[in-house]
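J.: Here is the input, now give the coordinates:
(4 chains)
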Number of protein chains: 2
Amino acid sequence: MSLAIEVRYVYVVSSYMTDSHHAIKVVSLRTGLSAHVIRVWEKRYGAVVPERTGTNRRLYSEDQIERLGLLRDITRAGHSIGLVAKLRTEELRNLAAASGSNGRPARDIGGSSGRAPRLDECINAVKALDSRALERALKEAATELGSQGLLQRVIAPLAQAIGELWRDGTITAAHEHFASAVIRVFLGHAVKSFAGADGAPVLVVATPVGQLHELGALLAGATAANLGWRVVYLGASLPAAEIAGAARQSAARAVALSLVYPEDDPLLGGELARLRELMPQETILLAGGRAASAYGEALEKVGALQMKDLGHLGAILDTLRKPDRRSTK
Amino acid sequence: MSLAIEVRYVYVVSSYMTDSHHAIKVVSLRTGLSAHVIRVWEKRYGAVVPERTGTNRRLYSEDQIERLGLLRDITRAGHSIGLVAKLRTEELRNLAAASGSNGRPARDIGGSSGRAPRLDECINAVKALDSRALERALKEAATELGSQGLLQRVIAPLAQAIGELWRDGTITAAHEHFASAVIRVFLGHAVKSFAGADGAPVLVVATPVGQLHELGALLAGATAANLGWRVVYLGASLPAAEIAGAARQSAARAVALSLVYPEDDPLLGGELARLRELMPQETILLAGGRAASAYGEALEKVGALQMKDLGHLGAILDTLRKPDRRSTK
DNA sequence: CTGTTCATGTCAAGCTTTTGTCTAATATAT
DNA sequence: ATATATTAGACAAAAGCTTGACATGAACAG
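T.: Here you go, the predicted model:
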């Protein structure tokens, strides 16, 4: 019977069974590029030339999808597609790594470097395990900055600061858990409900096995909820099968993973591969967090979109909202 | 044939394949200089003369980008562009190091007894990963039963039911995590704040290493908060040292542990002993949850009070309230 | 003090190139 | 039949290029 399954694909791909093939729509969803753009990049620049079925449909391999993802990142960093489209994939990886890390214009650094108002207060409250003070500071920050500003200018930096303090031993894991718990609850009422509207697209948020730090996932969930997604929040350290199951059951449009620490888990690659395999094909995989870049290769391999920060996540989510639209004036 | 490929690029880059070429936009982003300025520096001073494509677009090498960055720093430090524009790059480096000691601000980045009314609703919502339905059911239960009844007659049985369904495979760990997340947030506003009043006694709530299920701890925390304690909630799976540290730092009157699964962790005894040893002498250790009785012996050994259910916990907490008062203010 | 000159950053107009999107007609898939 | 793909070509917005002009402020001569 496994024979029967394989037979379905024989007419399509003659080579490896491991080299799966994907229709353009899947590629479009997974890369965030429109099918138009994918075709025109092929036609004009030969950026990616897919196989074809006997009936002329395009079929993309995982490698090609990776390549398209790299091109997406590189062009978003400012490079023109015409100049990079024909580079070898290896060079694209270098370019993506290079422009990804330092793509920031230097000019607005000085201006906005002003530390968010309540941040120090929050950090002190965490150090003191003082939930009242932490809640108060968060509340004031929320009224001052609005929920988007709260997330991006206070909670995200706070999460980062906690990570740093933890790594250098100033605070312990208990402080980190404590902060997670308070922030979790706080976000529960500060941000629009995680529940989302009826027709809203679904985002599953979690952290893979071994990744114990929850704050990043929390931030991603809150950001998505803010943008009108229905968030299925699963918390930290879940096996691939569980995440995939939740994604399947909730018909999620995307799954967001937060990777913070450790940065060198040898098992994570396998988890990611399993996740990609078990997830519905059309579900998109997103990854963010401090350690995401450390797993860049593994993430590319499974076609995951890497997010630089919360703003980037927001942009991607906006793109994913409308996977396909026709009657736009 | 690899020759054929390289030839296509000869007109563009004559040297290394690693020396990528960048459009002016990328250069502008990376240096923070406007494209205008970059062009005018080229035209007037020949500061940087890029290659051109066949269609006359400028193409900058990494070296040239570095040079522009140096010029940016130097001019911002007060030198006039006309005087430094033609210096050799090496000299620029010295100048930049000398004048701009303040240059880069580095950034980096982000129920056994009578079936309670809403219980089935809750269970179904968990099965369906439907956070809206779960929240609604909990809310209705809260108004019907009050917060104490909500905890004892809905959430506690729900936690137990989830545990059973998980053990028999009806639901997965993802569902359990999902339920924890929703309930966590819900308790955050339904129950009196975890923060507690100023003079309130402090209870640290956590789950020891290896105990991944958080719901029991959550219930204990909510119950204590309801009774006017100040709760330092640390969540699941914390090492003894961390819990003890938190207890010490917050001058906790008691530490409550929730033990649910597994029931036969051989390491738990050691963790408990270490915890007892590291904790302040006068802090009392409490243990509850489905698996508490399985560890009865170890708990006896460290003098922990075992709680049979939430009502029992409440009674113990009331007893612990009065002894020993501190003059902290 | 005043007027001139120079250095420098910015802008606009007019043209070309690049690139994403759209339409129409046709074919395939489910 | 309806949704999805395919091609070719058209279109328009965005980004680049060049030339020339303008604004500001500093240096300087009278």
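J.: Could you tell me whether A:Ile171 really is in a helix?
T.: No - the assignment for A:Ile171 by DSSP: H, G, I helix; E, B strand; the rest coil gives coil, which leaves it out of any helix.
J.: and it, what is it in contact with?
T.: A:126-127, A:162, A:165 (CB atoms under 8 Å, 6 or more residues apart in numbering or on different chains). From N, CA and C alone the C-beta is placed, and that goes for glycine too.
J.: how about the strands of chain A, start to end?
T.: A:51-52, A:58-59, A:202-208, A:230-238, A:254-258, A:284-288, A:305-306 (DSSP state E).
J.: all helices for the stretch 101-250 of chain A, in order.
T.: Listed in chain order, the helices of the stretch 101-250 of chain A (DSSP state H, counting those that start in this stretch) span A:107-112, A:119-127, A:131-149, A:156-167, A:173-190, A:215-226, A:240-249.
J.: Output the ones you listed as a markdown table; include the columns mean pLDDT, distance to DNA strand C and mean neighbour count.
T.: Rendered in a markdown table, the data for these read as follows (pLDDT from 0 to 100; distance: least, CB to the nearest atom of the strand, whole Å; neighbours: other CB atoms under 10 Å in any protein chain shown):
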| stretch | mean pLDDT | distance to DNA strand C | mean neighbour count |
| --- | --- | --- | --- |
| helix A:107-112 | 33 | 10 | 11 |
| helix A:119-127 | 88 | 31 | 19 |
| helix A:131-149 | 83 | 24 | 18 |
| helix A:156-167 | 84 | 28 | 19 |
| helix A:173-190 | 87 | 33 | 24 |
| helix A:215-226 | 90 | 22 | 27 |
| helix A:240-249 | 93 | 19 | 22 |
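J.: quick one: which of these is nearest A:Ala200?
T.: Shortest distance between A:Ala200 and the helices of the stretch 101-250 of chain A, using CB to CB, is found for helix A:215-226: 9.4 Å.
J.: Now do A:Leu150 against A:Ala137, distance only.
T.: If you measure A:Leu150 against A:Ala137 using CB to CB, to the nearest Å, the figure is 11 Å.
J.: And A:Asn56, by the same measure?
T.: With distances taken as CB to CB, A:Asn56 is found 61 Å from A:Ala137.
J.: And for A:Gln281?
T.: Shown here: A:Gln281 relative to A:Ala137, a distance of 44 Å by CB to CB.
J.: Could you find the closest non-adjacent residue to the residue of chain A found nearest DNA strand D?
T.: Here the residue of chain A nearest DNA strand D is A:Lys25; by CB to the nearest atom of the strand that distance is 2.7 Å. Closest residue to A:Lys25 apart from its sequence neighbours, by CB to CB, 6 or more residues apart in numbering or on different chains: A:Ala35 at 6.7 Å.
J.: which residues does the one you found contact?
T.: Counting by CB under 8 Å, 6+ apart, the residues that A:Ala35 touches are A:24-25, A:27-28.
J.: Going through these, which ones are buried?
T.: In these, burial by neighbour count holds for A:24, A:27-28, counting by 16 or more other CB atoms under 10 Å in any protein chain shown.
J.: Let's have those in JSON lines, adding pLDDT.
T.: Converted to JSON lines, the buried ones among the contacts of A:Ala35 look like this (pLDDT from 0 to 100):
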{"residue": "A:Ile24", "pLDDT": "92"}
{"residue": "A:Val27", "pLDDT": "89"}
{"residue": "A:Ser28", "pLDDT": "88"}
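J.: Now intersect those residues with the helices, please.
T.: A:24, A:27-28 (DSSP state H).
J.: okay if I get those as JSON lines plus distance to chain B?
T.: What follows is these, written out as JSON lines (distance: CB to the nearest CB, whole Å):
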{"residue": "A:Ile24", "distance to chain B": "26"}
{"residue": "A:Val27", "distance to chain B": "24"}
{"residue": "A:Ser28", "distance to chain B": "25"}
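J.: For stretch A:35-47, which residues meet the burial criterion?
T.: Buried residues in stretch A:35-47, counting neighbours by 16+ other CB under 10 Å, are found at A:37-38, A:41-42, A:47.
J.: Where does pLDDT dip in chain A?
T.: Judged by pLDDT under 70, chain A has its weakly predicted residues at A:1-20, A:99-117, A:192-198, A:322-329.
J.: What residues does it have near DNA strand C?
T.: Contact residues, chain A versus DNA strand C (CB under 7 Å from any atom of the strand): A:34, A:36-37, A:40-41, A:44-45, A:53, A:55-57, A:75, A:80-83, A:328.
J.: Next, count neighbours for A:Gly289.
T.: The local packing count at A:Gly289 equals 29, with neighbours defined by other CB atoms under 10 Å in any protein chain shown.
J.: now do A:Glu91
T.: Using other CB under 10 Å, A:Glu91 is surrounded by 15 other residues.
J.: how near is it to A:Asp309?
T.: A:Glu91 sits at a distance of 26 Å from A:Asp309 (criterion: CB to CB).
J.: same thing with A:Ala159?
T.: Looking at A:Ala159 against A:Asp309, where the rule is CB to CB, the gap reads 11 Å.
J.: same check, this time on A:Arg39
T.: Following CB to CB, the distance that separates A:Arg39 from A:Asp309 is 31 Å.
J.: Then A:Ala225?
T.: Summarising the geometry, the distance separating A:Ala225 from A:Asp309, computed by CB to CB, is 17 Å.
J.: these two touch, right, A:Ile243 and A:Ala252?
T.: No - with contact defined as CB atoms under 8 Å, A:Ile243 does not reach A:Ala252; the gap is 9.6 Å.
J.: quick one: common contacting residues for these two?
T.: Residues touching both A:Ile243 and A:Ala252 (CB under 8 Å, 6+ apart) are A:Val204.
J.: Could you count how many residues lie near A:Thr89?
T.: Using other CB under 10 Å, A:Thr89 has 14 other residues around it.
J.: and it, what is it in contact with?
T.: Neighbour list for A:Thr89: A:63, A:66-67, A:70 [criterion: CB under 8 Å, 6+ apart].
J.: cutoff 6 Å now
T.: For A:Thr89, the contact set (CB atoms under 6 Å, 6 or more residues apart in numbering or on different chains) comprises A:Arg67.
J.: Check the gap between it and chain B for me.
T.: Between A:Thr89 and chain B the computed distance is 13 Å (CB to the nearest CB, to the nearest Å).
J.: Spell out which residues of the stretch 1-150 of chain A are next to DNA strand D.
T.: Within the stretch 1-150 of chain A, the residues that sit near DNA strand D (CB under 7 Å from any atom of the strand) are A:23-25, A:35, A:39-40, A:43, A:56-58, A:80.
J.: and chain A, which of its residues are near chain B?
T.: A:78-80, A:95, A:105-107, A:109, A:113, A:129, A:131-132, A:156, A:160, A:172-174, A:177-178, A:181, A:184-185, A:188-189, A:194-195, A:232-235, A:238, A:242, A:245-246, A:249-250, A:309 (CB under 6 Å from any CB of the partner chain).
J.: any idea how far stretch A:118-125 is from the chain center?
T.: Centroid displacement of stretch A:118-125 relative to its chain, using CA atoms, centre = their mean, to the nearest Å, is 28 Å.
J.: With that, I have no additional questions.
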